[in-house]
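*Asks:* have a look at this prediction, sequence included:
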Amino acid sequence: MTASVVTANRLGDGAVVYLAPEGRWTGCLDAALVAQDDATEPLMAMAERGLVDRLVVTPYVIAVEDGPDGRLASHIKERIRATGPTVRLDLGKQAAQTGVTESCHVPL
């Protein structure tokens, strides 16, 4: 069984976000709506509202899987996109990690 979510970038600050219940957008992959077996059309229809409301840009579907510490993007590109730069851990999302918050990240 394949699991997928919709991701985009928040228009205001460029942050990576995921489509959550009721059409909200969250920075936490674990809070995202999940489609099973490529049934992503309803999620993309909900994501269109974010485009119309100018909340996000370029929503698209990514594959996810359950890991020991929560949900993970299946592709390394999406894991890096979610966590930020990989060369300086003192910058970006890595430096700001102080526990699980609305802006939670996906571990590599």
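*Replies:* Thanks, I have it.
*Asks:* any residues touching the strand or helix carrying Val61, and which ones?
*Replies:* When secondary structure is defined by DSSP states H and E, Val61 falls within strand 56-67. For strand 56-67, contacts defined as CB atoms under 8 Å, 6 or more residues apart in numbering pick out 2-11, 17, 19, 25, 29, 32, 34-35, 40, 43-44, 47-48, 50-51, 71-75, 78, 107. For glycine as for every other residue, the C-beta is placed from the backbone atoms N, C-alpha and C.
*Asks:* one more pass at 6 Å, please.
*Replies:* If you take CB atoms under 6 Å, 6 or more residues apart in numbering as the criterion, strand 56-67 is touched by 3-11, 40, 47, 50, 71-74, 78.
*Asks:* after it, which helix or strand is next?
*Replies:* Following strand 56-67 in sequence order, the next helix or strand is strand 70-73 (DSSP H and E).
*Asks:* right, and the helix or strand after that following strand?
*Replies:* As assigned by DSSP H and E, the chain's next helix or strand after strand 70-73 is helix 76-83.
*Asks:* about what we covered before: buried ones in the strand holding Val61?
*Replies:* Using 16 or more other CB atoms under 10 Å as the test for burial, strand 56-67 gives Val56, Pro59, Val61, Ile62, Val64.
*Asks:* what ranges do the helices span in this structure?
*Replies:* Listed in chain order, the helices of the chain (DSSP state H) span 41-52, 76-83, 92-96.
*Asks:* can you list these in TSV and add mean pLDDT and mean neighbour count?
*Replies:* Below are the helices of the chain laid out as TSV (pLDDT from 0 to 100; neighbours: other CB atoms under 10 Å):
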stretch	mean pLDDT	mean neighbour count
helix 41-52	95	14
helix 76-83	89	16
helix 92-96	67	14
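*Asks:* tell me how far the ends of stretch 32-43 are from each other?
*Replies:* Stretch 32-43 has an end-to-end distance of 10 Å (CA to CA, to the nearest Å).
*Asks:* let the chain start at 49 from now.
*Replies:* Let's use 49 as the start, then, which means that last one is stretch 80-91.
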